[in-house]
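Peer 1: using only what follows, build the 3D model:
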Amino acid sequence: MVLLAGALLSCNKVRRDPGRVYMPDMMYSRAYETYSGTEALEAKKINYNGRPVPGTVARGDLFPYTLPNDSAGYARSATVKNPLPPLNAKDRPEAARLYAIHCGICHGDKLDGMGPLFKGGEGPFTAAPKNLLGDDMRKLPDGTMFHSMTYGKGQMGSYASQLTSKQRWMIVHYLREMQQASAATAPAGTDTTGGAN
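Peer 2: Down below sits the predicted model:
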């Protein structure tokens, strides 16, 4: 009976102290503020620049694109295949929206190179953007289109920081669909290049 009373009395206290900590740096880690400067770390000779480790792939992103931004990488991009399936009813509006935001400003809603920034030479751009309905663009491999969006081509800059690799591949699918639709509606013998380069 005495043992039972002693056991019950010893269990009534809530223990807040875990006792001895085997690894105090794991138990009581030092908090770092996300947007604070790195001066305190540099003073302790700790190198931290806040960038991801090279080769890191973002969650949900596709495989990393490793071809270099040079003439050899551009030539080899022709062998890269689009890893995404054709656009479905859910992805098509998103691809059209991405094109309108990032590409249509120069290449136009109709892919003819007559976007608001060119307007047939009346806009701020003096050189015509590429006509994406031209025969040369219809023959351009999907991988080369993706390479051009990733690194930029001519006057067009890189879109790798604005669009994920999945979004860029979705735009490639969208461009192919639009090219096929325009070829189906163009009368036979009509020049589909539009004269713009």
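
Peer 1: wait, Asp142 sits on Ile171?
Peer 2: No - with contact defined as C-beta atoms under 8 Å, Asp142 does not count as touching Ile171 (10.6 Å). The way it works is simple: take the backbone N, C-alpha and C, and place the C-beta from them, glycine included.

Peer 1: more neighbours: the two, which one.
Peer 2: Set side by side, Asp142 and Ile171 show more neighbours around Ile171, with 22 against 19, by other C-beta atoms under 10 Å.

Peer 1: from memory that one sits against Ser165, does it?
Peer 2: No - contact criterion C-beta under 8 Å: Ile171 and Ser165 do not qualify, at 10.8 Å.

Peer 1: how far away from the center of its chain is the host helix or strand of Arg97?
Peer 2: Under the criterion of DSSP states H and E, Arg97 resides in helix 91-102. Mean-position distance between helix 91-102 and its chain equals 14 Å (C-alpha atoms, centre = their mean, to the nearest Å).

Peer 1: and stretch 40-56, by the same measure?
Peer 2: Put simply, stretch 40-56 sits 24 Å off its chain's centre (C-alpha atoms, centre = their mean).

Peer 1: endpoints of that stretch, how far apart?
Peer 2: Taking C-alpha to C-alpha, to the nearest Å, stretch 40-56 runs 26 Å from one end to the other.

Peer 1: stretch 111-126 now?
Peer 2: Terminal residues of stretch 111-126 lie 18 Å apart, using C-alpha to C-alpha.

Peer 1: who touches that stretch?
Peer 2: Outside stretch 111-126, the residues within contact range by C-beta atoms under 8 Å, 6 or more residues apart in numbering are 104-109, 127-133, 155, 175, 178-179, 182, 194, 196-197.

Peer 1: okay, and which of those map to helices?
Peer 2: Judged by DSSP state H, helices contain the following of those: 104-107, 175, 178-179, 182.
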